[in-house]
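Peer 1: Return atomic coordinates for the entry below.
(chains A and B)
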2 protein chains.
Amino acid sequence: MIIAVDGMGGDHAPKEIVKGCIQAINELDVEIALIGKKDLLEKELSKQKFNRSRLHIMNATEIILNEDKPVQAIRKKKDSSMVVGLNLLKEKKVDAFISAGNTGALLAGSLFILGRIKGIDRPAISAVFPTSKGMSLLVDAGANAECKPRNLLEFGLMGSVYSEKVLEKKNPSVGLVNIGAEQGKGTPLIKESFELFSKTDLNFYGNAEAREIPRGIVDVIVCDGFVGNVILKLTEGVAMTIMSMLKKQFTKNIINKLGAMLLMPSLKEFKKNLDYTEYGGAPLLGVKGAVIKAHGSSNAKAIKNAIKQAKVFAEKEVVQVINNEISRIGDEENA
Amino acid sequence: MIIAVDGMGGDHAPKEIVKGCIQAINELDVEIALIGKKDLLEKELSKQKFNRSRLHIMNATEIILNEDKPVQAIRKKKDSSMVVGLNLLKEKKVDAFISAGNTGALLAGSLFILGRIKGIDRPAISAVFPTSKGMSLLVDAGANAECKPRNLLEFGLMGSVYSEKVLEKKNPSVGLVNIGAEQGKGTPLIKESFELFSKTDLNFYGNAEAREIPRGIVDVIVCDGFVGNVILKLTEGVAMTIMSMLKKQFTKNIINKLGAMLLMPSLKEFKKNLDYTEYGGAPLLGVKGAVIKAHGSSNAKAIKNAIKQAKVFAEKEVVQVINNEISRIGDEENA
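Peer 2: Prediction:
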């Protein structure tokens, strides 16, 4: 199993990326293809001790920046770490590809270079989402701001496969984000999607109100990319705001400081539950290859966990299973 | 100043509603018109001591239930507490109306009985939203699941007036919820709305990402009712989930219990910040009258705070100001 990693993408590249790759080699049964400017990568690698036989550097002279326009960047920067990585995946020289770089470019590049799975109209970015009942998967987390009912159905099917294979949920439940629980509520998009879902053999829960999402009411949360992006970012924002409000209380006076000190081990455990670096990255679903978008601010631990996730993504042949299962919900032209 | 209160709406009616009205009479300079089944209301009132001269019971023999279909309920239940209250407001016998009952019916009734302010295409439900910088106002919080750019512009203008007059924000900033901060991001709805907002003299902030909302990045958060409902309910859900996860940590062992005990006064203060009952209710904006939707599970304190808010809503003549200001953004036909 060889996982390709974009050494140049993300706020802390290449340092944290390199450290994450080494952690993965030390802890997991993987080989890493680390892609980027060879001299920069070698310099970071020389600082660390590890089994070098399992890390291969692939030189790539260009870098796609966050401010680059996605489509243009993919077309023009042929020797960028991202394009080189996606080509390696296409040619099956590696089993999965991870990048913490430009999200739009990674999505565009995956579409152009790997292509869509037959029967999938719109590939999606999904996000692993911590809830009080464990991990849920949100699809689409931001790739498709506007959707048709058929798109939501595809998101549900792909999410269901990923949830079962990688997150190890048995017969994962799939819910549609809506502003009411009853059938017949919401926009035409949701009403029509509800009917499409009802005709499949997915474990369809029905409508899921946003209030219930953090409680883990469903395993797969389906919505358009606009709503999905709002859900993902708002959850992060609310959690961070509450944590910083709490922190203020904890340091307000000597009694509070003492109280917080006593609670510290539990608070750390609690914080870990909310920490995205624990959960790896956001899998791209619907393209012909196992691609994971790591958070732009990924540290070494986040990269290591993304590699761990990518390994299962590839091992469980999620792409192949989606390809097989999509026929269950009928052809896109007939939907 | 007479505030009409629906005595029969909400999960804890009439008991908590009556108690809230009495608290308001004891603490605020208001008269209350309490509407509902006279015998039930009298029974609750007889348990309390207060200045009865400032509370007037208006008998209404019917009740609109949560499961009633909104439009049908308003048309058929002419002697319901909700319809009677809205008629009192229309006839200017009261200055504002509050109900914790069926939201859809309150919205439909306000539209039919009070009517829209001239120039407002779509009245909205707004929600007062606690952030780390104080109160923001979210418009629309769920009345209009599908919107045109003109609707969002109206939401922004109405929200700006309410934020200035009732929440006492000076020159309130208005932001559009979007999945990216830069102009040109998002759906056609958002892009066109961005252009409309740019032409007004509102204090337009531009796009606001969901992550920034809990930090109070803007005073008025504008979005369609689907996204608004998701934002409102998800925030509630995330906050509740985090609180219950924390509570588990706080009671896990004797050391944690001790730590939590030391922190208790601060935790209570913190919880108060997140407590919707502190903030009154959700003002309906765009109808010809000051109407407030109180939370369905309102307790006495929530009702008292909604009455306090309704008083300012009426005193500051928010409806009249919206009516005057809407001309600033041009006629709806010319938009």
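
Peer 1: check contacts around the residue lying closest to residue A:198 once chain neighbours are set aside.
Peer 2: In space, and not counting its chain neighbours, residue A:198 is closest to residue A:204: 6.3 Å by CB to CB, 6 or more residues apart in numbering or on different chains. To be clear about C-beta, it is placed using only N, CA and C from the backbone, and glycine gets the same treatment. Going by CB atoms under 8 Å, 6 or more residues apart in numbering or on different chains, residue A:204 touches A:156, A:173, A:174, A:175, A:197, A:198.

Peer 1: and if you look at residue A:147?
Peer 2: Here residue A:147 is in contact with A:122, A:140, A:189, A:224, A:225 (criterion: CB under 8 Å, 6+ apart).

Peer 1: can you rerun that using 6 Å?
Peer 2: Shown in contact with residue A:147 (CB atoms under 6 Å, 6 or more residues apart in numbering or on different chains): residue A:224.

Peer 1: measure it to chain B for me?
Peer 2: 10 Å (CB to the nearest CB, to the nearest Å).

Peer 1: Kindly list the main-chain dihedrals of the residue positioned nearest the centre of chain A?
Peer 2: What sits nearest the mean C-alpha location of chain A, by CA atoms, centre = their mean, is residue A:282, with 0.4 Å. Dihedral angles of residue A:282 (phi, psi; degrees, to the nearest 10) stand at phi -100, psi 110.

Peer 1: tell me the contacts of it?
Peer 2: A:125, A:127, A:293.

Peer 1: Any chance of these in CSV with neighbour count as columns?
Peer 2: Converted to CSV, the contacts of residue A:282 look like this (neighbours: other CB atoms under 10 Å in any protein chain shown):
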residue, neighbour count
A:125, 28
A:127, 25
A:293, 29
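
Peer 1: Can you tell me which of those residues lies closest to chain B?
Peer 2: residue A:125 (11.5 Å; CB to the nearest CB).

Peer 1: I'd say the closest one and residue A:141 touch.
Peer 2: Yes. Look at residue A:125 against residue A:141 with CB atoms under 6 Å: they come within range, at 4.7 Å.

Peer 1: need the contact list for residue A:71.
Peer 2: Contacts of residue A:71 (CB under 6 Å, 6+ apart): residue A:108.

Peer 1: Name the residues of the helix or strand hosting it that come out as buried.
Peer 2: Assigned by DSSP states H and E, residue A:71 falls within helix A:70-76. Neighbour-count burial for helix A:70-76 flags A:70, A:73, A:74 (criterion: 16 or more other CB atoms under 10 Å in any protein chain shown).

Peer 1: ok, now how distant is the nearest residue to residue A:126 once chain neighbours are set aside from chain B?
Peer 2: Distances taken as CB to CB, 6+ apart put residue A:139 closest to residue A:126, at 4.2 Å, once the chain neighbours are dropped. From residue A:139 across to chain B, the span is 15 Å (CB to the nearest CB).

Peer 1: now swap in residue A:286 and tell me
Peer 2: Taking CB to the nearest CB, one finds residue A:286 at 19 Å from chain B.

Peer 1: Am I right that that residue is in contact with residue A:121?
Peer 2: No. If you go by CB under 6 Å, residue A:286 and residue A:121 don't touch, sitting 8.5 Å apart.

Peer 1: And the contacts of the helix or strand harbouring residue A:159?
Peer 2: Using DSSP H and E, residue A:159 sits within helix A:149-165. For helix A:149-165, contacts defined as CB under 6 Å, 6+ apart pick out A:120-122, A:124, A:137, A:139-140, A:169, A:172, A:174, A:192-193, A:196, A:202, A:219-220, A:222, A:285-286, A:316, A:318, A:321-322, A:325, A:329, A:335.

Peer 1: number of nearby residues for the residue in the stretch 51-200 of chain A positioned nearest to chain B?
Peer 2: Distances between the stretch 51-200 of chain A and chain B by CB to the nearest CB are smallest at residue A:179, namely 4.1 Å. By the measure other CB atoms under 10 Å in any protein chain shown, the count of residues near residue A:179 is 22.

Peer 1: Please, which helix or strand holds the closest residue to it other than its chain neighbours?
Peer 2: Computed as CB to CB, 6+ apart, the closest residue to residue A:179 that is not its neighbour in sequence is residue B:229, at 4.1 Å. Assigned by DSSP H and E, residue B:229 belongs to helix B:225-250.

Peer 1: list the helices and strands that helix packs on?
Peer 2: Helix B:225-250 sits against helix A:225-250, with contacts defined as 3 or more CB pairs under 6 Å, 6 or more residues apart in numbering or on different chains; DSSP states H and E.

Peer 1: If anything else comes up later, I'll come back, but that's it for now.
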